[in-house]
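Trainee: Structure for the following, please:
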Amino acid sequence: RKNTCVTHFLSPNRHSIKEAPNKERPYSIMKVTSTIFYTLLPLATAFTTRGLSSFTPKGNIVSTSRLSNRGCSSTLCMKTIAVIGASGLTASECVYQALQNGDNVVGLTRNPSNLKIPKGSGGDDADKPLESPNLTMIGGSVTNAADVAKVFSALDDPVDGVIVALGGKTADVGETMLTDGTQVVIDAMKDAGVKRLAVVTSIGAGDSKDQAPFFFKILMMTAMKKIFNDKNNQEKVVAESGLEYCIVRPGGLTVEPPTGIVNVIDGEAGSITRADVAQFCLDAVSMDDFPYIGKAPCISSVGGTGWVKDRSKAARGEE
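Mentor: Residues are numbered from 1 along each chain as shown. Reported below is the predicted structural model:
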C-alpha cells in the first residue's frame, strides 16, 4: 500500500487540509473572510475551519465555484458540543479546545472531578481543574441510557454534535463497553434529533489493520485482542447508525503540545498528539462540509514509522 496522505495544517483556532499526490478524488474547501471557495483539485485537497488560515494546493485548479456565506461560513453555527468520556486524555482536549473556541460543552464521565486542563493545549495551566461557565459536567455511565439522556436535556440549547472518546482497560470497564456505550449514545442522539457524531477508535481497527506498525499488530492479536474486538464492533454500530459520523483512527497517542499538522494516512501511520486528534474531532462535528463524513480516516502528526505512544497513567503523572 502506498504511503499517501492528506495533510491538515492547523491554524490557532482551526485547521486546513492539503492532500499529497495519489488520491483519486481530491478537492479543496477554503474559507476567506465571509466567502467559501470550493475548489476541485486533481492532486491536492485543503479546507479551513472557523479560524482564518491559508493553504497551498499542489495541483492545478480545474474548477472553482463561489458560494455565498449564510452567516456561518462552513460551520454548523455550533452552540453546544457533547463530549462522552469527558475526563479522558483525548476527550479533555476536546472539552478544553471547544471552550477556547467559545462553544458550550456538556460532558459525561464517571468522575467529573477527574477533568483537568490537558497537558497538550493547557500550557502552564495543565493539570488544574477544568472549569468554565460554558461547561456542564454530568456524572454517569455511558452504558446507562438514563445518564446519557441527561446530556441531551442538560441545557436549553440543543446539542449540535457529539464526540465519543471512551477509554479504559477491558478488565476495568468490561469487554463490550465501547460498543454498548456507543450504541446508547447513538440511540439518545436519534431521540434528540442530533445527527453529527465523531468517534475516536484507533489505528488498526476495522479495515486499517495493515496501517499499524508491526509490533502493534502483534499486540492487537494478543494482549489487546479483546479491546480491539470491542473497537471493531464499536465501529460497526457507528457505520450502521445512519448518522453523519466520522470514525477517527489516530496513530500512537502522545500528550505533547499540538503540532499544527494532521496527516490522513493511506499507509503506515505514525504518532499524533491528543491535542491534534481533538481538533480534528471538533471539526468533524462542527464543519458543515467536513470531508470525512461517513468515513474512517487514519490520522497521525508524523507519517511513516515514527511511532510513540504515551501510557495513560504515565501521562497523568501517576507513574
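Trainee: Residue 297: neighbouring residues, count only.
Mentor: With neighbours defined by other CB atoms under 10 Å, the count for residue 297 comes to 22. All C-beta spots, glycine's among them, are computed from the backbone N, C-alpha and C.
Trainee: Not counting its neighbours along the chain, what's nearest residue 107?
Mentor: residue 86 (2.9 Å; CB to CB, 6 or more residues apart in numbering).
Trainee: And what about that neighbour, helix, strand or coil?
Mentor: Following DSSP: H, G, I helix; E, B strand; the rest coil, residue 86 is assigned to coil.
Trainee: Let me see the backbone angles for it.
Mentor: Phi and psi for residue 86, reported as degrees, to the nearest 10, are phi -60, psi -30.
Trainee: do the same with residue 111
Mentor: Per-residue torsions, residue 111: phi -130, psi 90 (degrees, to the nearest 10).
Trainee: what's the answer for residue 253, then?
Mentor: Dihedral pair for residue 253: phi -90, psi 140, per degrees, to the nearest 10.
Trainee: pLDDT at it, what is it?
Mentor: Note on residue 253: pLDDT of 91.
Trainee: how about the helices in the chain?
Mentor: 89-100, 119-122, 145-151, 170-173, 177-192, 214-221, 225-239, 274-286, 312-315 (DSSP state H).
Trainee: For the third one, report the contacting residues that lie outside it.
Mentor: By CB atoms under 8 Å, 6 or more residues apart in numbering, the residues outside helix 145-151 that reach it are 82, 84, 106, 108, 138, 140-142, 159, 184-185, 187-188, 191.
Trainee: could the helices of the chain go into JSON lines alongside distance to residue 254 and mean pLDDT?
Mentor: Below are these laid out as JSON lines (distance: least, CB to CB, whole Å; pLDDT from 0 to 100):
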{"stretch": "helix 89-100", "distance to residue 254": "10", "mean pLDDT": "97"}
{"stretch": "helix 119-122", "distance to residue 254": "8", "mean pLDDT": "96"}
{"stretch": "helix 145-151", "distance to residue 254": "28", "mean pLDDT": "98"}
{"stretch": "helix 170-173", "distance to residue 254": "22", "mean pLDDT": "79"}
{"stretch": "helix 177-192", "distance to residue 254": "22", "mean pLDDT": "98"}
{"stretch": "helix 214-221", "distance to residue 254": "15", "mean pLDDT": "83"}
{"stretch": "helix 225-239", "distance to residue 254": "19", "mean pLDDT": "95"}
{"stretch": "helix 274-286", "distance to residue 254": "7", "mean pLDDT": "96"}
{"stretch": "helix 312-315", "distance to residue 254": "8", "mean pLDDT": "53"}
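Trainee: Only the buried residues of stretch 155-166, if you could.
Mentor: By neighbour count on 16 or more other CB atoms under 10 Å, the buried set for stretch 155-166 is 155, 159-166.
Trainee: Pull up the distance across it, start to finish.
Mentor: This stretch, stretch 155-166, spans 23 Å end to end (CA to CA, to the nearest Å).
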